[in-house]
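Sharing a model prediction with you, sequence too.
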Amino acid sequence: MPIVNRVADLQPDIQAWRREIHAHPELLYEVHRTAAFVADRLREFGCDEVATGLGGTGVVGVIKGRKPAGGDIKVIGLRADMDALPIEENTKLAYASKTKGLMHACGHDGHTAMLLGAARYLAETRNFAGKAVVIFQPAEEGGAGAAAMIKDGLMDRFAIDQVFGMHNGPGIPVGSFAIRSGPIMASTDAIDINIEGLGGHAARPHKCLDSVLVGAQLITALQQIVSRSVDPLDAAVISMCEFHAGNARNVIPQTAVLRGTVRTLTTEVRELIEKRVKEVVAGVAQITGARIDLTYERGYPVTINHAAQTDFATAVAREVAGDANVQEMPPLMGAEDFSYMLEQRPGAFIFCGNGDSAGLHHPAYNFNDEAIVFGTSYWIKLVENTLAA
């Protein structure tokens with residue numbers, strides 16, 4: 001079955017909501033305007049319950065089907081994220097960000113609008129049994145808003161049996177979907193390293209303990225972990241992306257700071273890399289005599305799609321887009337806090353094509369409004385097929 005006809009009729013409204021949200025980006029948990037906009041729409045649609053304030057600024061809408069659920073699955077959760085990024089927009093769009101230094105550079109405006117469109121349709125038709133729970137989450141971009149909503153009782157309060165998420169995918173053709181069972185996105189951990197040596201004159205290095213040289217040795221040694229400690233058949237990334245030291249060309253700095261990220265796809269590799277990073281830092285400190293303080297902080301877990309729910313989501317996507325337009329994708333080393341929800345309940349995360357757009361987190365990125373009908377139809381059919389009346 002192709003896109004839902006009613007969704008095509010709703011497309012102009014969904015697009016307008018998307019562009020309104022795009023013009024007013026907000027960060028992390030400070031999505032007050034967006035959350036109020038979402039809650040107002042859900043009330044207008046006639047949702048049976050609209051709850052606000054979960055996880056700080058999260059919004060949840062409950063839509064009851066025409067019949068009570070008779071199967072094992074009585075409640076299905078659908079999640080969209082609402083927060084933007086601290087990036088200066090460079091699109092020159094008529095609806096570009098009105099807030100300097102902030103933009104929707106990851107398409108959360110589109111995610112929110114598509115789920116609102118699905119909520120409107122489901123509240124109108126109620127052609128399903130049980131309940132559909134639409135989840136609008138703050139702080140996906142590094143704030144673990146999913147974990148905050150779960151801590152506030154999301155899963156138990158609304159008795160969610162299964163939960164599904166969706167993200168747009170630049171480079172995937174519009175009208176196509178991509179998904180895989182098992183690990184689909186990586187865990188993300190943070191490395192912060194503070195080095196203290198002995199500063200001095202650049203012409204007298206033998207009287208100093210060069211923090212820049214220590215930092216360089218550390219970066220080189222850390223890169224060997226992936227190439228020499230991790231099985232070549234396992235995926236892992238260590239990227240040291242910040243190196244701050246000194247402010248003059250003739251002064252050896254006393255201190256240096258390194259910051260980076262670790263990405264893995266399995267618990268075993270995650271634990272191995274954390275162990276090896278600590279060993280490498282201790283070893284370089286012993287060799288050089290510098291004091292090195294390491295903070296290794298665990299971030300989002302691996303996003304792992306459950307097999308049965310992935311098969312079902314794939315079938316629904318094929319119903320919307322056609323068999324040829326749903327592909328099995330390789331895992332991505334980016335991270336996603338929907339992983340916390342998949343730790344709590346079975347479900348699956350899918351990518352919806354955004355076409356030949358700029359990449360995510362790029363100043364020229366824009367969500368492709370042509371994708372609206374496909375993503376919204378997917379949400380609707382996922383509910384109607386899961387909770388068949």
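That came in fine, so what should we check first?

low pLDDT regions in this structure?
Confidence mapping of the chain against pLDDT under 70 gives the ranges 1, 3, 389.

Where do the domain boundaries of it fall?
Listed by automatic domain parsing, the domain ranges of the chain are 5-184+303-386, 187-298.

can you give me the end-to-end distance of the longest one?
The one in question is domain 5-184+303-386. Taking C-alpha to C-alpha, to the nearest Å, the first and last residues of domain 5-184+303-386 lie 20 Å apart.

what packs against the helix or strand hosting Arg318?
Element membership for Arg318 (DSSP states H and E) is helix 307-321. Applying 3 or more C-beta pairs under 8 Å, 6 or more residues apart in numbering; DSSP states H and E, one finds that helix 307-321 makes contact with strand 162-169, strand 177-179, strand 326-328, strand 347-353, helix 372-386. Every C-beta, even on glycine, is put in place using the N, C-alpha and C of the backbone.

Tell me which stretches of the stretch 1-150 of the chain form strands.
Taking DSSP state E, counting those that start in this stretch, the strands of the stretch 1-150 of the chain run over residues 49-54, 58-64, 75-81, 131-137.

With mean neighbour count as added columns, please give these in TSV.
As requested, the strands of the stretch 1-150 of the chain are exported to TSV (neighbours: other C-beta atoms under 10 Å):
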stretch	mean neighbour count
strand 49-54	17
strand 58-64	25
strand 75-81	26
strand 131-137	28
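
Distance to Val38 for those - can I get that in JSON lines?
Shown next, in JSON lines, are the strands of the stretch 1-150 of the chain (distance: least, C-beta to C-beta, whole Å):
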{"stretch": "strand 49-54", "distance to Val38": "9"}
{"stretch": "strand 58-64", "distance to Val38": "5"}
{"stretch": "strand 75-81", "distance to Val38": "9"}
{"stretch": "strand 131-137", "distance to Val38": "5"}
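
Out of these, flag the one nearest Gly353.
Among these, the nearest to Gly353 by C-beta to C-beta is strand 75-81 (16.9 Å).

Give me the buried positions along the helix holding Arg318.
Of the residues in helix 307-321, 309-310, 312-314, 316-317, 319-321 count as buried by neighbour count, 16 or more other C-beta atoms under 10 Å.

which residues of the chain fall in helices?
In the chain, the segments counted as helices under DSSP state H are 5-23, 32-45, 108-125, 145-151, 154-157, 211-228, 267-288, 307-321, 338-344, 372-386.

so can I have TSV of these showing distance to Val59?
TSV is the format used below for the helices of the chain (distance: least, C-beta to C-beta, whole Å):
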stretch	distance to Val59
helix 5-23	13
helix 32-45	5
helix 108-125	10
helix 145-151	10
helix 154-157	11
helix 211-228	40
helix 267-288	32
helix 307-321	23
helix 338-344	15
helix 372-386	16
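
So for Gly101, which of those helices sits nearest?
Nearest to Gly101 among the helices of the chain is helix 5-23; the distance by C-beta to C-beta comes to 14.4 Å.

list the helices and strands that closest one packs on?
helix 32-45, helix 108-125, helix 372-386.

Give me the angle between it and helix 372-386.
On the basis of axes from the mean of the first three to the mean of the last three C-alpha atoms, to 10 degrees, helix 5-23 is oriented at 120 degrees to helix 372-386.

And the contacts of the helix holding Arg318?
1-3, 162, 164, 175-177, 179-182, 325-326, 346-348, 350, 374, 377-378, 381-382, 385-386 (C-beta atoms under 8 Å, 6 or more residues apart in numbering).
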